[in-house]
Structure formats: structure tokens, C-alpha cells
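In: need a 3D model of the sequence below.
(6 chains)
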Amino acid sequence: MGYGDVQMIDENGIRVDGRKAGDVRPISIELGVVPVADGSCRMTWGTNEVIVAVYGPMEAHPRKIQRQDRAVLDVRYNMAPFSTSDRIRPGFNRRSREISKVTSDALESVVLLELYPRSKIRVEIEIICAEAGTRCVGLTAASVALADAGIPMTDLVVSVASGKINGVVVCDLNKSEDNYGEADLPMGILPNSGELSFLQMDGDLSQEEFQEAWDYNMEAAMVIGGYCAEALKNGGYNL
Amino acid sequence: MGYGDVQMIDENGIRVDGRKAGDVRPISIELGVVPVADGSCRMTWGTNEVIVAVYGPMEAHPRKIQRQDRAVLDVRYNMAPFSTSDRIRPGFNRRSREISKVTSDALESVVLLELYPRSKIRVEIEIICAEAGTRCVGLTAASVALADAGIPMTDLVVSVASGKINGVVVCDLNKSEDNYGEADLPMGILPNSGELSFLQMDGDLSQEEFQEAWDYNMEAAMVIGGYCAEALKNGGYNL
Amino acid sequence: MGYGDVQMIDENGIRVDGRKAGDVRPISIELGVVPVADGSCRMTWGTNEVIVAVYGPMEAHPRKIQRQDRAVLDVRYNMAPFSTSDRIRPGFNRRSREISKVTSDALESVVLLELYPRSKIRVEIEIICAEAGTRCVGLTAASVALADAGIPMTDLVVSVASGKINGVVVCDLNKSEDNYGEADLPMGILPNSGELSFLQMDGDLSQEEFQEAWDYNMEAAMVIGGYCAEALKNGGYNL
Amino acid sequence: MSIPLVPQLLRSHLIELAENDQRLDGRGQWDGRDVQLEVGILGNAEGSAKVRMGDTIVYAGVKFQTMTPYSDRPNQGGLMCSAELRPVAGRQHEPGPPSPESIELGRVVDRGIRESGCIDTEALCIIPGEKAWQVILDLYAISDDGNLFDAFALAGIAALRNSVIPLAKFELGEDIPLDVSKTPIMCSYHRVGGRYVYDASGREELGGDERIHITLGADAHVHSLQKGLKGTFTAGEFAELMKQARTKGDELRDLVHSLEGGN
Amino acid sequence: MSIPLVPQLLRSHLIELAENDQRLDGRGQWDGRDVQLEVGILGNAEGSAKVRMGDTIVYAGVKFQTMTPYSDRPNQGGLMCSAELRPVAGRQHEPGPPSPESIELGRVVDRGIRESGCIDTEALCIIPGEKAWQVILDLYAISDDGNLFDAFALAGIAALRNSVIPLAKFELGEDIPLDVSKTPIMCSYHRVGGRYVYDASGREELGGDERIHITLGADAHVHSLQKGLKGTFTAGEFAELMKQARTKGDELRDLVHSLEGGN
Amino acid sequence: MSIPLVPQLLRSHLIELAENDQRLDGRGQWDGRDVQLEVGILGNAEGSAKVRMGDTIVYAGVKFQTMTPYSDRPNQGGLMCSAELRPVAGRQHEPGPPSPESIELGRVVDRGIRESGCIDTEALCIIPGEKAWQVILDLYAISDDGNLFDAFALAGIAALRNSVIPLAKFELGEDIPLDVSKTPIMCSYHRVGGRYVYDASGREELGGDERIHITLGADAHVHSLQKGLKGTFTAGEFAELMKQARTKGDELRDLVHSLEGGN
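Out: Predicted coordinates for the structure are as follows:
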């Protein structure tokens, strides 16, 4: 499509929305937004808007899904039909199923499920408005909502993606950058330990570019982890 | 579509099929038409033809659907593929699901379900030939079939719809009237108590028109309730 | 389509692939081809290629499918998406369901299911490359794979189809003959008893033609039954 | 899926009856139940029939749609046959996706009609490559007391032979009858108490073993066969069934033709 | 399907309260909860609204697609209304195919809007017989504390009245507002403790009986009715509900209009 | 969904082995099982491959269909990759709709191939805006003894590189080979007994923790990554896996190329 023709970064390294290569879009965090849930979180990130509700721990039923030694974590990622430019038809969707699974895997790595044998914890991630990077916003908001519900965890999971555009590695692609992007590296980072519980990547990155994107994500995750901690202490961030 | 151009009622208030405003189409009722069922009823109403079979009370299984204090009523409304001018594809259908639910709600209001704890009663409503008003025919025939099966009830439910055509309120729209109709008010009436267990309405009626349609339905229900009672006493009506 | 124009058999009764009327296509049989299975068989027949894996006897679950007096036989016939000239979409398919059922019925007639109460035996028939007669190849290979798994049986089931082409009855139609064929008679024969546990037929056969096709099948089944016995003794046939 | 308990007592009783050449309802081995056949009884269908065989009652309805011919057969229309076994038809018929049993039922009836070649799909073409008729035959059971196969097959062919192509409704001219050149008839036999019987009732099916379906045309031409359920049979047994089916098939074919004025 | 236990204690408590003309949260019989209505709040939707009624929170979003008109209505576009009850909205909402309850919910809200005739489907035609607009209204519950019907209906009509046809995005000219000529309002009444109340909360629904939904337009024209759940009612009871709905409907219609500049 | 019991004994055994730098089948930490790769082995596919890695056996088959290009990409054809985990492949694979595990498997393998850009979708265009080739790669497991990801990825790219566009069959000219410009290779690592190993067997997967999939092209360009299952890892651990994948990837790429005459 002639990527070279569309100049997304100017000669001073400034991106179309005024950010520098390593900058993250504006973020806000609000807790308790689903009154009937045990914990909930609304996160806006650029023009992404995500709502997460947590229900549980509660009895797992039917009984065949119970685990004797731990709770079952039931995570669903879903995009509202009106969340994107073209309407999304409700129903089965392979992309959503995969994101639900990797998000669940990432959260299982930090939630102390063994404290709640035979029970179930439901995590419902709803994308209300999608820009780019919804899986990162959903995972980050889900870990905040679990904390809001009082579920014991070893750490939060903060997720952010860097990518490549016009041959330059930058942090946290927005929608227009994503359309022309050549690679995308979302990671899920535990801010306290610096370990990862989530990793995906698509596209084409040399080893050097890959390292650069990795480093941007690590730095950004520490900053965003600070926002999350503040929100959990004060009931919100940047409102 | 230029309703005004199609004159469905003449200057003497006579409708295209010769009925007056408050008249109901011809009705016949036959019992025992499904020999393998515990109760059954075939009702023709205009050119509508409906067959209802009742099975039960029988053990409800799987056990998770059982209710400790009463029977479960399992009602299905279905249109045969050849019942309409354009063939209906078998399978999931939101309209049928909704009609099944409101029919079930209407019948639950009169069947003494608490006499049969942990059991199930199945009511199968099959539209063999559809003219207009199949939900009314189905509900009325279902209450007769339940009586034929010997299931104790506080009352029958007799259902009939009035509507508006060419700005005039009339009872029991036939197919051609329905095509040009401006409103439809189906009601399910208990002939003994005069109470309602079913009510829907679509279209546009002023408060006065609404009252007129309501009154037509009440009168017609008493007449049709008489046919049903006669059929249950004599094994059929108007055959 | 003007069958008469396409001459599939020459004046000496020789078919397009050089066979005489009663000849069967070349067959090979290999055992143990699915290492993780309890028994397995790969059969090539003409250019048909079929793999069958048998799992069990194992505990039948969920419990509601258990039979107190015998094992449940769970047979699936499936065509790989790349097995035919036009790709087959994975998923529900009425043809495969029916073939699975009649194959299961045919095998139940010979497997001593009553030796394994409350258990399940799974038979997975996968068509990797399809020419013509895959249901016959699948059934025959399944009975060999069951034997390879050590499941006690009263007899094998050997399946073969004869048909009519250009008005002539011949044995074991190949793909090009099947395209122009006027009838197809697949049978499943127990080589020891000579009885049948499987029978289908489509098309148009006079009583005389029918008898001729029947006789071809009976003769061919005895020959193929010999191949199967040899494969089970020596671990393979014609490799 | 619910599992029917094998009714051992019923099986023993059926064996005893068979040994005395008797059946539950007093019929002889090759006797069918009373057959009532009505045609043209559904107001919104282009062809229809109702069959009652004992307490088994089924409807068949024919509808026409226009279709685009398949690219490899531009001069042909289509025939689709669909059998529905809805829960209205009996206590044992639970709602849910089609069971393997009902899929087999539909496909066997379909093949018996389709493979006879009774409908010339080329005659259904309206504009080659662009438009053709699709004939849809829907089979619908209201009461299942056994042998739905034969009831469906009989209602199906009678409804087709009674059909009118609705040219007027599609603004293509005047309605004309659908041309159906043959009358294939299915006869089904069930092993009950160790021997085969014709037209098994619901209780005979419940306590029976394997089943054989034979569809014959005129002059005893064979159009379709199917063996169903667990069990084996011998060549000799099959030959006897074929003989019986020839006689019974001719009888039922006459019944179908007797309802048709000009035939 | 899970079976909610009938909360007998709750029912007794509700009866007691009703006898003293009280409700669980202190409201009067015909009082609604506080209503917050926002419009134009979803960045990727062509029209949107958010409604909060107590702890019940719902979104409505409108999207436009182009469609080929149906052959029997070549000059008309379409309106589709879809209600999703996802598990985010409450502990009792399990994932799975749509339940009969959620199907009824969607269809009743849809009819209340559609049958009012507030959208002129002929105005949605772009090229007769070839192209027309399909308006898709998606209703989405985030928190269910009872009376989703009224919350959905209110958010739905507000979102439609707030919508812009995206002509520019489809390269068909400049965006124009969708013309919505009416403002149908649904009012729902639930029998709780033996008497009807307006705007039942989640706990009132749990311990309640039948439900009546009334959708009215201007001048108290009736556009849609629905009775749901087990229970019966008298003509007198209904007349009282209709009277209440006329008052409440006018109040909520004014709220919708108050957010619209020029109206 | 059945729940595999956590095999505590197996886990303990695997930890013990890992402490002594051993594996169940005697391999070293970074050793793979023997790989057998055959291409062109399926008669009805336009490209095919079979891979055996120990007791894991998979097929890949390529078929071509024509499609109408998407309106926003009128000059492009398409690539579709579908992975089926049918019950033939192992005792633990039950029939039913695709599990989250098999969806992840298919999508990860698909992205490894697609995102490498090895297929130029513009070269698949036949008539811009009207007709283009859709390449369908079907992955099919026959025996699952662990590490289906790598087996599918290897069979997939080998089958594509072995494919012929069937122009003759579609009456569009003479067949030509499909142009595949790269050879992306996936290497998967599983944490077993506390440390990562390459090419885990079925029993190692059963007693293992998280999994990391790395797909590399020539010059160690990264095309796709995926972390699966519960568990965390450090930057240092990942760097070691990347180093291992560079070596192993080159080795398997050479194997694929060694089967191609002219390459």
C-alpha cells in the first residue's frame, strides 16, 4: 500500500498526535463503575474505552467445572457491536476467543486462585470504544478490577504494545499508526517483579528493532503501573 | 403503501369476507387428533390450522430442570415449513421463541402446576396452515389440549385479536386485512374470571380506539370460550 | 448428460483402468499408523486413503451416555478438507452423520460390546484422500483397526460396492466410473458367516442387475477379507 | 441424548409371539396397518398429502422457490427433501438439533424419491444458467407410532404428484402441474422377535433389532436400499423381503394412482 | 439454564411492605428511580446514549450499513434493533446463547420503537431497488439492577434521535441528521407484593409476579403492549397502569427533548 | 469440557529430572525429536506435506478457490489457515466445537505464516475487483504426542512452498507454482520441571507450565510470538529462547529447502 508515501513521523521524531517515540497516550482509570459487580474498572486510553466487571469468588457450577485445589478463572473479552468503525456482529468470534484465553492465562499467573478451591471468579472485559491496543487496555483494566474486588494477587499485570511505523520503533500505536504499522509487540508486565505473563507479536522486526520495542514496553509499563496503583489507592486516576 | 386506496370495508361496515366489525371467523375444534399424545386438539380458525399435543405430567429430566414445588411447563410454538406462502426454514427463530415464551407465561397462569412437583408437562403447538392470528389460535388450542389431557386448570385461556384497518377498529383480522392493518391487539382472556393472562399490541391506536378493540376482544372471547367448553364436553365443536 | 456418449467399457469388457467387470482396485493395509491410539489402520484402495484410529475400551463419560450392560460404540466418519477435488468445509454435515451412523450400526453387529459394560470405544475414520467408495474403505478399515486394538469381534466386516455403468454391472466403481454411474450398491459382508451388517443402494437396477451386483460384492468381499486377515497376521498387506 | 432402556420384558414377549406367528396387534407377519391417504389438504402448500398408517400420522408439503442453477449444471433445477421429527410427534422425541436417527430418516426417504429419477431436473430450468425451480418437499410427523419411513415416503411421493408449479405467483405465466414420471414406493421391514415383519408399530420398533428399507419402482426396479440399526441378515432373508416388497409396493402404488383423476 | 430459587422470604417481606404502601428502597408505588441520560458519548457510533436508572446502567449505539432493499419493498431501508444481555451486567447473567428472556426483552423494545413509525423507512432509500440505509440500534447493558426494558427503550430512542447518517464515510455526500419524527416512551409495571409498582428494582423483580409494558407516543397513542411472566390482571388494574403511563411517559419524553438543542 | 487432573506425581518426576538436566525420553534440554518431512503426498490437494516429530504426526493440505476481492483491497487475494484438532489425534481430544486451545493453535500458526509476508496477496489477483485466488491451508493432526504447534507450522510452510495454482482446472491457463518468498519457522519452548525445553512431548506438556512460541524468518527476523498457559518468565529466560530459536530455525529451514529441487 506504499507505506513510504504516508509520513507518520516528522523529521524531529514527532508523531501525528504530537507524541515522541516512547510516549503513551493519555490514560484515565475509574473504579466501581458497575454497581452490581464485586469489583469493576473503567479505563480510557487514547480514545479506547473499556469496562471490566469482576464477579466472585462464588460457587462454581455446574460441578464438573469445579477444581478441588483452586478457583476457576472465567475471562471473557468482548467488543460491543458499536465499538468500532464497522459494526461487529454479536456472537462467536475466533479473535475474541483467543484474546480471552491469553488474557486468562496472563491473569491466572498472578491471581492466588488456590485460596478459593471449588469456586469461580468471572472477569468480563467489554470494549465500549476501540482505537488500537484494546487487548492491552482490557488486560490492564482487568487486573485493576480484580484488585478492586479484593481478590488477592501477587502483582498487577500492566500491558502495553510497541510497534514499528515507517521503519521507526515507537511505543503505543494509535489507530492511524496501527493502520500503517509494520509490526506490533504487546506485552503483559508485572510491575513489581518485571516478569512477563503475556506476550504476542506480529509482523516483521529485526532483532535490534525487537529489543527497542521490548525496552519501550518495559519503561511504559512501570509508568502505567504507577497510575494503576494510584487509582487503587484513591479510587481513580486522572479523572 | 397508500392504505387509503385499498378499501377493505364498505359503506355499510361490511368487510371483504362479509363479516361485520365485531364478527369472528368460523372456528372448529377437534380433540384427540394426536393418538400417541396424552391430550391433543386440532383447531381451524378461518383458514388457520393448528395442532397441539400435550405430553405429561412426566418426570422432568435432566434433573437440573426439576422444580421441587411444581411442574415445569415446556411450551413450544412452531410453524411448519409449508404453513405460509413463502417457505419457512426450520430452526432457530426469534419470533417463535418469543411467542413460545409469552404463550407459556399465559398458560402457567392457569395450570395448577403445584400439583405435580418435579415433573414436566410439554405443550407442542404446531401451525400447519397460517392465515393471521396464529398466536391466538395456538394459545386457545393449547388450553383446550391441556384440558383434554386432564391437567387441572383454574380456567381456560381464550385468545383473540382485534385491530384497525382503514382507520376502523374491527375484530379478528383475516390475512388480507392484516396485510393492510394499522394495529393489532391480541389478548388472552380467562372466560370465567374475565381476567387476562396474555396481552400484546403493535401499531398505533388512540385511547378511544384501544378501548374499542379491547371490548371487541372481551366479547369475542366469551363466545369462543363457549365453543371450547362445548368441544370439551362433546369431543369436538362444529365439525 | 448423454451417458451413451461416454464409453467407459470397451468391446472386450475392459474398463478405463484396465480392470475386468469383477475386478477390485489395488488395496494396501498398514497397522499401527497412529502411534498414540490403541489400534489403528491405514488403508489405500485405488487412490482412496483412509486412516482409522481406535481408542478404548475406556470409561464412558459423561455418565449419562453409559450403558449398564455393554460398551458404547462411538463412530465418526469424516472427510479431511483437502481430501476431495473441491475443498470440504469442516463442521456439521448430514452426509457424514448418516455414514457415521450406518457404519456404527454395521460394526455394533460384530463387536462384543457386552464384554465392556459402562465403557466406551471410539472409532475415528478419517478420509485423507477420496476417490470413490470411501464409506466402504472406511468400514473395512475400521473393522481391521478394531481387531488391531484387540477388541473381541465375532467377525470382520468387509465392505465393497458394485454398480452399473453404460448399462453394464461392474464391481468397485472408480472415480470416473462413479461420475457416470447409474447405480451403486455398497454392502458390508461378514467373511466368515457370509451375512450382511451393512447395505445401501441408490439408482436404478432391474432385479437381474441387482442380483449380478450382489454376487460381485460377495465374491470380492471374500478376497478382500483374505487381505485383511493377512494384514492382521503380518502387520500389513501389500506394502 | 437420552438412552432408551432396553425393554427386556417386551423383547421376550415379542419372541414368544413370533414363535406362534403372532404380532402384538393381531396382524400377520406381512400385513400392514390400515392406510389413509389424502392429497391437496394444505392451503398454503403447492402440493400436499397426509398419511395415516394406524396411529402414525404425517404430512408432506411441497413449496417452490427460484434458484440460480449450479455452474456445473446450468440447465437443471433442484429437489430438496427435508424431514422434521419435532417433539409434537411423541413422548420420546425431545427438542434439540437433529439426531442421527432423524438425519438417516430424511436422507433415506430423500434418496428413494430422488434416485428413482421421477423428477426431471432439466424440466425445472427457467432460464439456463440464471434461474430454475427448486422443489422443496417437507415431511412432517404429527404422531409417531412406528414406521415413519414408509409413511414419509408415501406422503412425499403423493404430495409431489399432486403439486402445481406456481408460475402465476412468480409472474411467469399460468400454473402448470409438476411432472412426476414415476411412483417409487418404500417398504420397510423390521426384525421383531427374531423374524422380519412389515410395517412395525412403535412398540415393535422399541423391542426390535435391525431394519431394512426397500424402495421399488414399476417392474420391481430397485431405486434405494438401506439397512439400519444393529444386526445382521442373510441373503435368503433378504430375498424374501424383496419378494414381499414387490407385492406390497404395487398395492400402494395403485393407492397413490387411484387418487389421481387422469392417471 | 440455572433455576433461581423462589425467594419465599423476600416475597413475604414484599407483601408486608405493600400492605403498608412501602417499597424496599423507600419509593412510592409510582415513583421511578433517578434517571440520568447522556447522548453522543460513544466515539465510534453514529448515535449513542447512556442511561442510568438507579444502579441499572445501559448504553445504546447506532450504526449505519447499506443494504439491498427487499424485492417487495424496493423503496425502503431498514431498522434493526438488537439487545444483548452479556454476563458483564450481573451475577445472574451467564454466558451462552440468548435466553427466551433476553429475546423477549429485545423484541419488546424493538416493537415499541418500530411500531411507533418514528422512522420513515422510505427516507432511508438511496437508490430504489439497489441501495438503502439499514439503521442498526444496539442495546447493551452494563449493570442490571432491574427494569432493563425501560432503560433500553429510553436509551434507544435517545440514541436514534441523536444519530447522524454517515454519508461522508460512504462517499455519498455530507452527513445529515437521521429524521426521527416521534419519541415513543416505554413504562413498565411489575406486580410486587400483590400490587403493581413502576420501575421495579432487581430485588423487586426477583420477588415479583407478572409485568406489563406500555409504550406510548404523543397524545397517549398506544404503540406497543406486552404482558410477561406468570400471572393475571384485571381490566381495572390495566386502566390504572395506562393512566400512570400517560403521566410518566410525558415526563420522560420531555427529558429526551431537553437534551436536543433545536427541538 | 473435561478437566485434566493435575498430575502431581508426573510434575514431581519432571522437576527431579530437570534438576539433573534430564528429560523423560533421554533428550537434552534443547534437543528436538527426529523430524520426518514429506511433501506432495496428497492426491487431491494442490500442495501438501506430512510431518512426523516423534509420535506426533500431522498433514497439511493446500486448496485454491476463487473469491471476489474485498472492496477495500480490490487487487488482493487471500490466505486462510485452518487447524483442526479432530478426535482421531488422541484420547484426550473429544469431539465438539473448537476449544479455546485449538483456536489459539490455529491462529498462532496462521500468524506465523501470514505475518512473515511470505505470500504476496497482490500476486493472487486474477481480475482486479472481480476475481482473485484464495489459498486455503488446512492443518490436520493424526497423532498428537506434543508440540503440534511446530509440527503444524512446519507442515504448513512446506505445503505452501510445494503448491501449484490450478489454473488449468479453472480454465485460466496452465498451472504455475505458488510463489512463496520466505520460509518462516516456529520453535516452541515449554517450561517443564522449572526450566524451558524445546519440542515438549505429550507427557511433558501434561506436566508443564507456560509455553513460548517464536517464529523467525531469515536473518533472525521476528514474525510472530505467543506466550500461552499460566506462568511468567523473565527477560533473561526469553533472551536464551530467542538464541536457541535462531539456531534451530535455520536448521529446519534448511530441511524444508532441501526437499525443493531448484531452491
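
In: what's the neighbour count on residue 222?
Out: Looking at chain A here, since you left the chain open. Per other C-beta atoms under 10 Å in any protein chain shown, the neighbour tally for A:Met222 reads 13. For every residue, glycine as well, the C-beta is placed using N, CA and C.

In: let me rephrase: I mean chain D.
Out: Count around D:Val222 with other C-beta under 10 Å applied: 26.

In: tell me what it is bridged to.
Out: Counting by DSSP bridges, D:Val222 is bridged to C:Leu205, D:Leu216.

In: right, and it touches D:Cys187 too?
Out: No: at 11.6 Å, D:Val222 and D:Cys187 do not qualify as touching, with contact defined as C-beta atoms under 8 Å.

In: residues that sit against both of the two, list them.
Out: Jointly contacting D:Val222 and D:Cys187 under the rule C-beta atoms under 8 Å, 6 or more residues apart in numbering or on different chains are D:Ile214, D:Thr215, D:Leu216.

In: now the residue in the stretch 151-263 of chain D that chain A sits nearest to: closest residue in space, sequence neighbours ignored.
Out: Chain A sits closest to D:Lys230 of the stretch 151-263 of chain D, with a gap of 30.3 Å, by C-beta to the nearest C-beta. With sequence-adjacent residues excluded and distances taken as C-beta to C-beta, 6 or more residues apart in numbering or on different chains, D:Lys230 is closest to C:Glu108, at 4.1 Å.

In: so how far is C:Thr154 from that neighbour?
Out: Per C-beta to C-beta, to the nearest Å, C:Glu108 is found 11 Å from C:Thr154.

In: tell me the residue of the stretch 51-200 of chain D that sits nearest chain B?
Out: D:Gly61 (2.7 Å).

In: quick one: contacts for that residue?
Out: Residues near D:Gly61 by C-beta under 8 Å, 6+ apart: B:Ala80, B:Pro81, B:Phe82, B:Ser83, D:Leu42, D:Ala45, D:Gly47, D:Ser48, D:Leu137, D:Asp138, D:Tyr140, D:Ala159.

In: repeat that with 10 Å
Out: Applying C-beta atoms under 10 Å, 6 or more residues apart in numbering or on different chains to D:Gly61 gives the contacts B:80-83, B:87, B:128-129, D:41-42, D:44-50, D:136-140, D:155-156, D:159, D:163.

In: likewise D:Tyr196?
Out: D:Tyr196 makes contacts with D:18, D:29-30, D:188-190, D:208-212, D:233, D:237-238, D:240-241, D:244, as judged by C-beta under 10 Å, 6+ apart.

In: what about it, helix or strand, and which?
Out: Using DSSP states H and E, D:Tyr196 falls within strand D:195-198.

In: which residues does the residue nearest to D:Lys230 contact?
Out: Shown in contact with C:Glu108 (C-beta under 10 Å, 6+ apart): C:Arg70, C:Ala71, C:Val72, C:Leu73, C:Val75, C:Ser197, D:Glu210, D:Leu229, D:Lys230, D:Gly231.

In: and it, how far is that from C:Pro117?
Out: C:Glu108 sits at a distance of 15 Å from C:Pro117 (criterion: C-beta to C-beta).

In: which residues of chain A fall in strands?
Out: Taking DSSP state E as the criterion, chain A contains strands spanning A:27-31, A:39-45, A:48-59, A:72-79, A:119-129, A:158-165, A:168-171, A:183-189, A:196-205, A:236-237.
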